[in-house]
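> Got a sequence here, can you build the structure:
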Amino acid sequence: MEILQQIWMGCWHTLIMMAPYLLLGFFLSGVLSVVMPVGLVKQHLARKGKASVIKSALVGVPLPLCSCGVLPVATWIRRHGASKGATGSFLLATPQTGVDGFLVALSILGIGFAVFIPAAAFVSGIILGLILNLFPDTSQKVKNEEGVIQNTQPVLFRIVRHGYVTVAGDIAIPLGVGILLAGILSAFVHPESFADMGDGLWAKLMVVAAATPLYVCATASLPIGASMLVAGLSPGTVFVFLMAGPATNAATFTTISKLIGKKEAFTYLGCAILLALVMGFVLDALAAYLPEISATPMTGHMEHSILNTVAAVVLVLVLISGKILRNRS
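Numbering: from 1, shown residues only. Here you go, the predicted structure:
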């Protein structure tokens with residue numbers, strides 16, 4: 001019974017910390033969908049050359065798309081002439097972070113971590129894209145394209161629907177799993193059990209081996225990463241999980257293989273793992289010079305404002321309603 005209480009306290013504490021930032025992130029995601037709609041993104045990314053690789057990574061970083069949500073967009077830009085490099089850059093950079101993920105990371109991991117994650121996503125996307133551009137490439141032909149229907153709905157309605165229904169519905173289950181795992185970690189994992197692993201290559205290899213086949217969206221992985229940081233893992237080792245989890249998973253590998261080729265898909269996977277390890281060592285080396293990198297423990301009886309509590313309740317309602325409405329659409 002005591003264990004269940006510890007798990008519950010860990011989950012609730014995580015939810016309260018994340019709620020205000022995540023609710024704001026949903027709103028900003030909705031604004032982003034109106035200001036920079038997917039159709040416009042596709043149009044600008046459907047170009048060949050090195051510039052498209054950089055542009056793909058730059059545009060992909062703030063987009064609120066998970067590792068499965070990014071596939072339809074990547075498929076569209078690939079079919080409309082995007083190079084393998086531009087497609088791969090978009091595929092790797094986009095699911096690692098987003099507007100909502102940045103705000104959640106800021107709330108539970110500190111500004112240093114929150115800034116490093118999108119920076120690493122941008123750099124890793126460019127590196128992978130340039131490597132994939134070395135492969136032979138043939139543009140995919142497009143069949144008759146459906147006409148674009150002018151969206152006449154009010155702007156505020158589109159913002160709310162995209163942020164609090166589409167995005168919230170997409171991440172509701174993985175986010176809930178992430179919060180639950182954070183609560184379980186807080187109940188069963190003690191700091192010394194991970195601290196003994198240190199911050200070297202072996203620890204990072206163990207983490208990347210566990211994270212690579214799993215489906216973990218960027219936002220949902222953050223509370224787990226916070227628990228790992230509290231448990232004693234170095235920031236770089238935690239980052240390996242935060243990058244490898246969202247960027248790679250078994251469910252999307254076959255789709256990527258069909259999209260850019262089997263050899264290219266294995267290159268994508270190998271680069272994602274290697275870049276996660278390299279970026280992890282970079283973060284460990286820079287951690288002492290970056291702004292705050294910290295995580296509040298997932299346990300304990302901390303005082304929270306009424307606003308945080310209300311935000312947590314609202315977040316739960318948004319996630320549930322978003323999931324229901326998303327399934328009906």
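
> where in the chain is pLDDT low?
Within the chain, the segments meeting pLDDT under 70 span 36-48, 67-69, 139-151, 186, 189-198, 214-215, 250-251, 292, 294-304, 329.

> list the buried ones in the helix of greatest length in it?
Secondary structure of the chain per DSSP state H: the longest helix is helix 2-35. Within helix 2-35, the residues scored as buried using 16 or more other Cβ atoms under 10 Å are 6-7, 9-33. To be clear about C-beta, it is placed using only N, CA and C from the backbone, and glycine gets the same treatment.

> helices and strands around that helix, which ones?
Secondary-structure packing of helix 2-35 (3 or more Cβ pairs under 8 Å, 6 or more residues apart in numbering; DSSP states H and E): helix 99-108, helix 155-161, helix 168-188, helix 218-230, helix 306-328.

> show me where the stretch 51-200 of the chain has helices.
Per DSSP state H, counting those that start in this stretch, the stretch 51-200 of the chain carries helices over the ranges 70-79, 84-93, 99-108, 111-132, 155-161, 168-188, 191-195.

> Kindly reformat the ones you listed as TSV containing mean neighbour count and distance to residue 209.
Supplementary listing: the helices of the stretch 51-200 of the chain in TSV, determined by neighbours: other Cβ atoms under 10 Å; distance: least, Cβ to Cβ, whole Å:
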stretch	mean neighbour count	distance to residue 209
helix 70-79	20	23
helix 84-93	30	19
helix 99-108	25	23
helix 111-132	22	19
helix 155-161	14	39
helix 168-188	21	17
helix 191-195	13	15
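
> So which of those is nearest residue 283?
Ranking those by proximity to residue 283 (Cβ to Cβ) places helix 111-132 first, at 5.7 Å.

> how big is the angle separating that closest one from helix 218-230?
If you take axes from the mean of the first three to the mean of the last three Cα atoms, to 10 degrees, helix 111-132 sits at 120 degrees to helix 218-230.

> Next, the angle helix 2-35 makes with helix 111-132.
Computed by the same axes, to 10 degrees, the angle separating helix 111-132 from helix 2-35 equals 60 degrees.

> Give me the residue at the spatial middle of the chain.
By Cα atoms, centre = their mean, the mean C-alpha position of the chain lies nearest to residue 218, the distance being 2.2 Å.

> pretty sure it is touching residue 93, no?
No - using Cβ atoms under 8 Å, residue 218 makes no contact with residue 93, being 11.0 Å away.

> count of neighbours near residue 49?
Number of residues near residue 49 (other Cβ atoms under 10 Å) recorded here: 12.

> number of nearby residues for the nearest residue to it once chain neighbours are set aside?
The shortest distance from residue 49 to any non-neighbouring residue, by Cβ to Cβ, 6 or more residues apart in numbering, is to residue 83 (7.1 Å). Look at residue 83: counted by other Cβ under 10 Å, it has 26 neighbours.

> how far away is residue 83 from residue 124?
Look at residue 83 and residue 124: by Cβ to Cβ, to the nearest Å, they are 17 Å apart.

> swap in residue 267?
13 Å.

> what does residue 282 give?
From residue 282 over to residue 124 the distance is 11 Å, taken as Cβ to Cβ.

> my read: residue 94 touches residue 65, true?
Yes - taking contacts as Cβ under 8 Å, residue 94 lies within contact range of residue 65: 5.2 Å.

> anything in contact with each of those two?
When contacts are counted by Cβ atoms under 8 Å, 6 or more residues apart in numbering, residue 94 and residue 65 have residue 73 as shared neighbours.

> Looking at those two, which has the bigger crowd around it?
The neighbour comparison of residue 94 against residue 65 (other Cβ under 10 Å) goes to residue 94, with 30 against 22.

> which ones are touching the more buried one?
By Cβ under 8 Å, 6+ apart, the contact set of residue 94 is 60-61, 63, 65, 70, 73, 121, 125.

> and with 6 Å instead?
Counting by Cβ atoms under 6 Å, 6 or more residues apart in numbering, residue 94 touches 60, 63, 65, 70.

> ok, it to residue 58 distance?
Taking Cβ to Cβ, one finds residue 94 at 11 Å from residue 58.

> For residue 319, see how far away the residue found closest to residue 155 once you drop the neighbours it is linked to in the chain is.
Nearest residue to residue 155 in three dimensions, chain neighbours excluded: residue 34, at 5.8 Å (Cβ to Cβ, 6+ apart). Distance, residue 34 to residue 319, using Cβ to Cβ: 22 Å.
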